[in-house]
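> Just to be clear, the model below is a prediction. Sequence and coordinates:
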Amino acid sequence: MKEIKISLPIKKEDIENLQAGDYVYLTGTLYTARDAAHARMYEALINNEELPFDIEGSTIYYLGPSPARPGQVIGSAGPTTSTRMDKYTPALLDKGLKGMIGKGRRSPEVIEAIVRNGAVYFAAVGGAGALLSKCIKKAEVIAYDDLGTEAIRKLYVEDLPLIVVIDKSGENLYSRVNID
């Protein structure tokens, strides 16, 4: 296991060097999207409409933050369960999505799409949302404002601590360590 710092957007070379179990610190721009936003993005793809941000090379954090307190950029920023996005994820990966951040296992279809597209799945520590929020330096809603906490946000993060769970070859940390 290595510790690696990556500047976003994530590059092919970055993904090539990652292995399941590596510790990663991301710095740069990423986007938030949960269930409802994924459903809308998927619908846009089906209808040949543009997505609310350039998906090519992007990273999505499965996050619906709590409201920010005065003086804070964002509220608690812990990950949501990734399987809730699994039915939409292969289509987004096929359009160029390169990184996903969440918690929990992924479906065989998502793992196949990760391998097919040379992407990566990271886990953030569930229950550590208040600590993770300290890595978020800027946050703005860019789409689907009517979804409230599930609106798509553009975030600028510094040294967001993550673990590579599924690498580009499909190596799955959860399978390796038998986590249920």
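Thanks, I have it. Residues are numbered from 1 along each chain as shown.

> tell me, which strand in this structure spans the most residues?
Looking across the chain with DSSP state E, the single longest strand is strand 152-166.

> ok, then the element right after it?
Note on strand 152-166: by DSSP states H and E, the next helix or strand toward the C-terminus is helix 173-176.

> Can you list the buried residues in that following helix?
Within helix 173-176, the residues that qualify as buried are L173, Y174, counting by 16 or more other CB atoms under 10 Å. No exception for glycine: its C-beta is placed from N, CA and C like everyone else's.

> shouldn't A123 be in contact with G99?
No - the criterion here is CB atoms under 8 Å, and A123 misses it with G99 at 11.8 Å.

> Between these two, tell me which one has more neighbours.
Each of A123 and G99 has its neighbours counted (other CB atoms under 10 Å); G99 has more, 27 against 19.

> so the more buried one touches S58, yeah?
Yes - in this structure, G99 is within contact of S58 by CB under 8 Å, at 7.4 Å.

> Identify the contacts common to these two.
L30 (CB atoms under 8 Å, 6 or more residues apart in numbering).

> Show me where this protein has its strands.
3-7, 23-32, 59-61, 99-102, 120-123, 136-143, 152-166.

> List the neighbouring strands of the fifth one plus their orientation.
By that I understand strand 120-123. Note on strand 120-123: by DSSP bridges, its sheet partners are strand 99-102 (parallel), strand 152-166 (antiparallel).

> Please identify the buried residues of the longest one?
Think strand 152-166. 152-157, 160-166.

> what angle separates it from strand 23-32?
Between strand 152-166 and strand 23-32, the angle comes out at 150 degrees (axes from the mean of the first three to the mean of the last three CA atoms, to 10 degrees).

> Pull the distance from strand 152-166 to the chain's centre.
Centroid separation for strand 152-166 versus its chain: 7 Å, with CA atoms, centre = their mean, to the nearest Å.

> Repeat that for stretch 109-116.
Per CA atoms, centre = their mean, the centroid offset for stretch 109-116 relative to its chain is 15 Å.

> Export that stretch to PDB, keeping only CA atoms.
The C-alpha atoms that make up stretch 109-116 are tabulated as PDB, following Å, rounded to 0.1, in the frame of the first residue of the first chain:
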ATOM      1  CA  GLU A 109     -21.800  -4.300 -13.700                       C
ATOM      2  CA  VAL A 110     -20.100  -1.300 -12.200                       C
ATOM      3  CA  ILE A 111     -16.800  -3.200 -11.700                       C
ATOM      4  CA  GLU A 112     -16.900  -4.300 -15.300                       C
ATOM      5  CA  ALA A 113     -17.500  -0.700 -16.400                       C
ATOM      6  CA  ILE A 114     -14.500   0.500 -14.200                       C
ATOM      7  CA  VAL A 115     -12.300  -2.000 -15.900                       C
ATOM      8  CA  ARG A 116     -13.600  -1.300 -19.400                       C
END
